[in-house]
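**Q** Pasting the sequence and the predicted coordinates here, then a few questions.
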Amino acid sequence: MNLVKIGNLIIPIVVLLIIVYALRKKVKIYDSFIIGAKEGLELAISVLPYLVAMLFATNILLKSNVLNYVFDIFSPVINFFKIPKEILPMALVRPISGNASFAVMVDLIKNFGPDSYIGRIASAIQGSTDTTIYVLSLYFGSIGIKKIKYSLWVGLLTDLTCLIVSIILVSFVFGGF
């Protein structure tokens, strides 16, 4: 049996196992499902304002060309370490929006190729960093946590570390400096 067929069977088998377990425990399956669906909908509605705010802020950042000014400020450091300036938009947008950074990565891969130095760095960054600001604003905002100072700094420091390690590892493994 090939892996696709096995993969297509996993979810129905898991659902069937849950139903069998619930029947053995004498749980009202349909009522429990409806309660869970209501709670999920309430959670989605409570998270929606934070999601809209993040999307709005991300679009303002991307459309205003603020990133070009940021790149000008950091250009001496970038040039010193021979970091391709083409990956900088992705590196700066990644902590804010996974979709925006993915779109930048796809554009880089279209322009430079998946096996290029820039394509490999972009892929490593996409796979190793997180959407820190997005996660903090969405999840902490939805449960009412207002003081996120240390979480923000630790998350951004982790993202910076992953960015640096991605560049170093791609350079070491595939050459580039």
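**A** Received the coordinates, thanks.

**Q** Buried residues in the lowest-mean-pLDDT helix or strand in the chain, which are they?
**A** The helix or strand of the chain with the poorest confidence is helix 141-143; it has a mean of 77 (mean pLDDT, DSSP states H and E). Along helix 141-143, these residues count as buried under the neighbour rule (16 or more other C-beta atoms under 10 Å): 141-142. No exception for glycine: its C-beta is placed from N, CA and C like everyone else's.

**Q** which regions of this structure lie under the pLDDT threshold?
**A** Across the chain, the stretches falling below the confidence threshold (pLDDT under 70) are 1, 58, 62, 176-177.

**Q** Show me where it has its helices.
**A** Listed in chain order, the helices found in the chain under DSSP state H are 3-24, 29-63, 66-80, 88-93, 98-112, 117-128, 132-135, 141-143, 149-174.

**Q** Can you give the distance of the first one from its chain's centre?
**A** Going back to what we said before, that points to helix 3-24. Taking the mean of its C-alpha atoms, helix 3-24 sits 29 Å from the chain's own mean (C-alpha atoms, centre = their mean, to the nearest Å).

**Q** Same check on the second one?
**A** Computed by C-alpha atoms, centre = their mean, the separation of helix 29-63 from the middle of its chain amounts to 16 Å.

**Q** same for that helix, what does it pack against?
**A** helix 3-24, helix 88-93, helix 141-143 (3 or more C-beta pairs under 8 Å, 6 or more residues apart in numbering; DSSP states H and E).

**Q** one step back: residues touching the least confident helix or strand of the chain, excluding its own?
**A** Counting by C-beta atoms under 8 Å, 6 or more residues apart in numbering, the neighbours of helix 141-143 from elsewhere in the structure are 43, 46-47, 49-50.
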